[in-house]
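[1] Okay, predicted coordinates and the sequence, questions at the end:
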Amino acid sequence: MGESLTTIVAIFLAAILMFIFPLMSISERNDDIAQLGVQTATIEFVDNVRTTGKITQDDYNAYIQTLAATGNTYDVNMEVKVLDENPGKKTTWAVTDKIGENIYYSVYNSQIESALNSPSGTYSLKEGDLFSVSVKNTNRTISQMLRNFFYTISGNDAYQVSAQHAGVVMSNGN
């Protein structure tokens, strides 16, 4: 009886070592590859917007298709901090000719996407604006499911693949 129980445990451990751990390793590797692809695509998209000074519908669609090629679904959040220059004089005791402060106001996804869906299909920025993109996967990857099954360490709202990039717009997008 003792030998058969030992044999069953040994077979169970061998199955785990032969099948489960390689599967976990491969799924982690797939997430790493998806992470690299998403990070690269995000950097290229943001840098293109920074250099051209505009977001076009074609560039945005190409970016979304590149993200979809990883096999995951993503939540893309774009934000433009528009430079609102205040040219009024600001008088202080120390400096009497200082120009007013520069203030930024934010424009988010819904406003940007409505401009992209307009007949012109572009959202123009000006030099000095700040543009940022944040991406997170919304689906659960195989790696997340296996980790949740074996370790129960990551919650349902946790994301595995994400990327962020931001920068200052360097040219006017007229």
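    Sure, I can see it.

[2] quick one, strands of this structure?
    54-56, 74-85, 102-108, 122-124, 130-137, 162-168 (DSSP state E).

[3] Looking at these, which is nearest to Ser25?
    strand 130-137 (19.6 Å; C-beta to C-beta). In short, each C-beta sits where N, CA and C put it, glycine included.

[4] Give the other helices and strands that the closest one contacts.
    helix 21-52, strand 74-85, strand 162-168 (3 or more C-beta pairs under 8 Å, 6 or more residues apart in numbering; DSSP states H and E).

[5] Now do the contacts for the residue nearest the centre of the chain.
    Centroid check for the chain by C-alpha atoms, centre = their mean gives Val135 as the closest residue, at 2.0 Å. Neighbour list for Val135: 38, 42, 67, 74-77, 161-164 [criterion: C-beta atoms under 8 Å, 6 or more residues apart in numbering].

[6] Just grab the bridge partners of it for me.
    Legend: beta-bridge partners of Val135 under DSSP bridges are Val76, Ala163.

[7] Need the pLDDT of it.
    Looking at Val135, its pLDDT is 95.

[8] quick one: it and Asp32, what's the gap?
    Per C-beta to C-beta, to the nearest Å, Val135 is found 16 Å from Asp32.

[9] Point to the helix or strand of the protein where mean pLDDT is at its lowest.
    Using mean pLDDT, DSSP states H and E, the weakest-scoring helix or strand in the chain turns out to be helix 142-150, at a mean of 79.

[10] How much space separates the residue lying closest to Asn109 once chain neighbours are set aside from Thr141?
    For Asn109, ignoring the flanking residues on the chain, the nearest one in space by C-beta to C-beta, 6 or more residues apart in numbering is Met78 at 5.4 Å. As judged by C-beta to C-beta, Met78 and Thr141 stand 24 Å apart.
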